[in-house]
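Undergrad: here is the input, now give the coordinates:
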Amino acid sequence: MTQKPDFRPHRDQQSIERFLDAMWVEKGLSDNTLAAYRADLQNLSRWATDLGRTVESLDREDILEFLAWRVQGGARPRSTARQLSSIRRFYRYLVRENVRGDDPSAEIEMPRLGRPLPKSLGQEEVEALLAAPDTRQPLGLRDRAMLEMLYATGLRVSELVGLRVDQVNLRQGVIRILGKGDRERLVPIGEEAQAWLQRFVEQARAELLGGRQSPHMFPTRRSDCMTRQAFWHIIKRYAQKAGISRGLSPHTLRHAFATHLLNNGADLRVVQMLLGHSDVSTTQIYTHIARERLKSLHQAHHPRG
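TA: You can find the predicted model right below:
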């Protein structure tokens with residue numbers, strides 16, 4: 001008797017694609033998110049196929065074994081958590097569609113994720129980075145003003161590159177920012193950044209625009225709004241010039257802004273408002289860095305330090 005071919009992988013693929021179609025229609029998820037779900041579920045499908053099973057038939061113990069297998073292969077907690085999140089959505093969909101009666105992933109706990117400490121720069125490194133642009137050139141003066149603003153205000157990179165002229169009040173030394181969730185905040189610029197911004201506006205901005213008009217405070221040579229990616233390339237170039245070899249993130253100067261404020265005695269709530277965090281718990285990640293400063297002060301000044 002001829003053995004029938006095994007169509008389990010094909011059946012899994014159909015089930016996964018129906019789930020992805022539903023997520024696209026109902027949630028409007030992006031292509032990148034859908035691609036991540038597909039990759040996670042295909043990994044689970046391949047593992048199930050090796051067991052001679054379908055993803056629809058797996059139970060809680062199977063999923064735990066799959067996650068343990070991934071961890072043994074070097075998967076990190078964040079990656080495992082993302083995988084489990086994809087699996088949970090998939091099985092909730094199967095239950096909703098009456099493909100199966102229970103969700104085998106429902107009572108599996110998410111791995112604990114330690115909040116990573118943001119990378120920051122020392123004050124000497126910040127000074128070297130700020131001094132890297134050639135301010136004799138219009139682009140260099142623009143870049144210096146942008147770096148000074150980023151460090152002085154703690155703006156998100158998207159907020160900085162999107163900053164409009166009508167958001168800046170040089171006379172009062174403040175900028176008006178509409179951040180996440182359409183929350184508006186007023187942020188002081190500081191004398192040093194204010195001076196560099198004034199110099200850019202008076203000496204270089206018009207030359208950069210070449211007679212054109214632009215609502216953007218820091219336009220490109222085409223009068224367009226600079227992209228985050230373009231500004232990130234600018235930061236990396238100046239970091240290399242300043243001799244900063246360790247990796248930076250797009251938020252490095254924002255992190256330095258918060259850390260240096262706390263290290264110099266600023267109140268956490270004030271830093272929260274300046275950063276535009278809706279919850280102070282988001283800001284508290286910086287206290288782990290500032291705590292080292294408190295320890296050194298205690299050791300230096302307490303009689304039993």
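Undergrad: pLDDT weak spots in the stretch 201-305 of the chain?
TA: Residues of the stretch 201-305 of the chain meeting the criterion pLDDT under 70: 249-250, 257, 260-305.
Undergrad: wait, Ser105 touches Ile63, no?
TA: Yes: between Ser105 and Ile63 there is a contact under Cβ atoms under 8 Å: 5.6 Å. C-beta here means a position set from N, CA and C on the backbone, and glycine is covered the same way.
Undergrad: pLDDT wise, what is Ala75 at?
TA: Note for Ala75: predicted pLDDT of 79.
Undergrad: ok, now the one 5 residues further on?
TA: Model confidence at Thr80, given as pLDDT, is 84.
Undergrad: and the one 5 residues further on, by the same measure?
TA: Here, the pLDDT recorded for Ser85 equals 90.
Undergrad: wait, what's in contact with it?
TA: If you count contacts by Cβ atoms under 8 Å, 6 or more residues apart in numbering, Ser85 has them with Met110.
Undergrad: where's it relative to Met110, distance?
TA: 8 Å (Cβ to Cβ, to the nearest Å).
Undergrad: same question, Gln42
TA: Counting by Cβ to Cβ, the separation of Gln42 from Met110 is 21 Å.
Undergrad: give me the more crowded residue out of the two.
TA: Set side by side, Gln42 and Met110 show more neighbours around Gln42, with 15 against 12, by other Cβ atoms under 10 Å.
Undergrad: the residue nearest to that one when sequence neighbours are not counted sits in which helix or strand?
TA: Distances taken as Cβ to Cβ, 6 or more residues apart in numbering place Ile16 nearest to Gln42, at 6.8 Å, with adjacent residues excluded. Using DSSP states H and E, Ile16 sits in helix 8-27.
Undergrad: which other helices and strands contact whatever helix or strand comes next after that helix?
TA: Scanning forward in sequence from helix 8-27 by DSSP H and E, the next helix or strand is helix 31-50. Helix 31-50 sits against helix 8-27, helix 60-72, helix 77-96, with contacts defined as 3 or more Cβ pairs under 8 Å, 6 or more residues apart in numbering; DSSP states H and E.
Undergrad: the strands in the stretch 101-250 of the chain, which residues?
TA: When assigned using DSSP state E, counting those that start in this stretch, the strands of the stretch 101-250 of the chain occupy the ranges 168-169, 174-178, 184-188.
Undergrad: and of those, who's closest to Arg156?
TA: Arg156 sits nearest to strand 174-178 of all the strands of the stretch 101-250 of the chain, at 8.7 Å, using Cβ to Cβ.
Undergrad: the closest one - what's its average pLDDT?
TA: 87.
Undergrad: and what of stretch 102-119?
TA: So the average pLDDT for stretch 102-119 ends up being 71.
Undergrad: Ala152 contacts Ile189, doesn't it?
TA: Yes: Ala152 lies in contact with Ile189 (Cβ under 8 Å); the separation is 5.8 Å.
Undergrad: which residue sits closest to Ala230, ignoring its sequence neighbours?
TA: Ala230 sits nearest to Thr220 (Cβ to Cβ, 6+ apart), 7.5 Å away.
Undergrad: now do that neighbour against Phe19, distance only.
TA: From Thr220 over to Phe19 (counting by Cβ to Cβ), the distance is 42 Å.
Undergrad: ok, now Leu248?
TA: Relative to Phe19, and taking Cβ to Cβ, Leu248 is found at 38 Å.
Undergrad: and these two? Which one has more around it.
TA: It is Phe19, of Leu248 and Phe19, that has more neighbours when counted by other Cβ under 10 Å, with 24 against 19.
Undergrad: ok, that one touching Phe90?
TA: Yes: Phe19 is within contact range of Phe90, at 5.4 Å (criterion: Cβ under 8 Å).
Undergrad: so what sits against both of these two?
TA: If you check Phe19 and Phe90 against Cβ under 8 Å, 6+ apart, the residues they both contact are Tyr37, Leu41.
Undergrad: contacting residues around Ile234?
TA: Contacts of Ile234 (Cβ under 8 Å, 6+ apart): Asp143, Met146.
Undergrad: run through the residues that contact the nearest residue to Asp40 once chain neighbours are set aside.
TA: Spatial nearest neighbour of Asp40, chain neighbours left out: Ser86 (3.8 Å); criterion: Cβ to Cβ, 6+ apart. For Ser86, the contact set (Cβ under 8 Å, 6+ apart) comprises Ala36, Tyr37, Asp40, Leu41.
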